[in-house]
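Novice: Turn this into a model:
(2 chains)
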2 protein chains.
Amino acid sequence: MTDADRIAAYWESAERRDWETFGSLLADEVVYRMPQTGETISGKGPYLRFNIDYPAGDWQITVERILVDGSQATSWITMTVDGEALSAITFFVLGPSGLIRDIVDFWPQPYAAPDRGGDHVAD
Amino acid sequence: MTDADRIAAYWESAERRDWETFGSLLADEVVYRMPQTGETISGKGPYLRFNIDYPAGDWQITVERILVDGSQATSWITMTVDGEALSAITFFVLGPSGLIRDIVDFWPQPYAAPDRGGDHVAD
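Specialist: Here you go, the predicted structure:
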């Protein structure tokens, strides 16, 4: 299994709520961070509980891109929750064993385009 | 120059407002998208004008991570504008010549952590 396969399996197992497979991809000491809220979750057990609990509702995942570079990986996914599409970008660091040991998640929200005053931006 | 060097040069030249170098990294037909606002900018000239104009204010860039995988690359930067730190995540596609031809930018904003009702999330 390549690291790209592991990141794909991370999202596939999350979408299936297959927490056994999902957990098998994580190092025991995994650290998960959300810079937008300042939250950090440390350890496989707490991080599994977090994923089981959030988000509530019926959600599906579409993987847009996965990049792997050395021990690092990034994914861009679209998560659809109760009909609303959200983008998530995630930065991973994998250990020598291939287990994921560091995760940083970004959830950029839609916002209104500012008035850019020109004719060079189009929808 | 490797593709990782090109992405580093993209941000270094943007920080220096060195638009000649910045432009030399772009394909003429570059397309820039911001999924959060739905905006698209097509072509090197319009995209250069956009970068010269935005954001207003005094800004510095710190590169957090650059990943390259085949013809794709991703960066995570911190941009400090008038003392406020913003994260930006950018997905690039480079052409065979090494010129950047596709850019997708995300600007995730801070938000208050929801009440997660547990003891497993700490600041």
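
Novice: switch to C-alpha atoms for all contacts and neighbour counts from now on
Specialist: Noted.

Novice: Now the most centrally placed residue in chain A: which helix or strand?
Specialist: Centroid-nearest residue in chain A: A:Thr90, 4.3 Å away (criterion: Cα atoms, centre = their mean). For A:Thr90, the host element (DSSP states H and E) is strand A:84-94.

Novice: Show me what that strand pairs with in its sheet, parallel or antiparallel.
Specialist: strand A:72-81 (antiparallel), strand A:100-106 (antiparallel) (DSSP bridges).

Novice: In TSV: those, plus mean pLDDT and mean neighbour count.
Specialist: Formatted as TSV, those follow (pLDDT from 0 to 100; neighbours: other Cα atoms under 10 Å in any protein chain shown):
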stretch	mean pLDDT	mean neighbour count
strand A:72-81	96	20
strand A:100-106	98	21
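
Novice: Sketch out the helices for chain A, chain order is fine.
Specialist: Taking DSSP state H, the helices of chain A run over residues A:3-16, A:19-24, A:44-53.

Novice: who wins for proximity to A:Val81 among those?
Specialist: Nearest to A:Val81, of all those, is helix A:3-16, at 11.3 Å by Cα to Cα.

Novice: Show me what from chain A comes close to chain B.
Specialist: Residues of chain A lying close to chain B by Cα under 8 Å from any Cα of the partner chain are A:35-41, A:46, A:50, A:67-69, A:72-74, A:89, A:106-113, A:120-123.

Novice: Swap in 7 Å and give it another go.
Specialist: Proximity of chain A to chain B, by Cα under 7 Å from any Cα of the partner chain, involves residues A:36-41, A:46, A:67-69, A:106-113, A:120-123.

Novice: quick one on the thing from earlier: of the strands paired with strand A:84-94, which is nearest B:Leu25?
Specialist: Taking Cα to Cα, strand A:72-81 is the member of these nearest to B:Leu25, at 22.7 Å.
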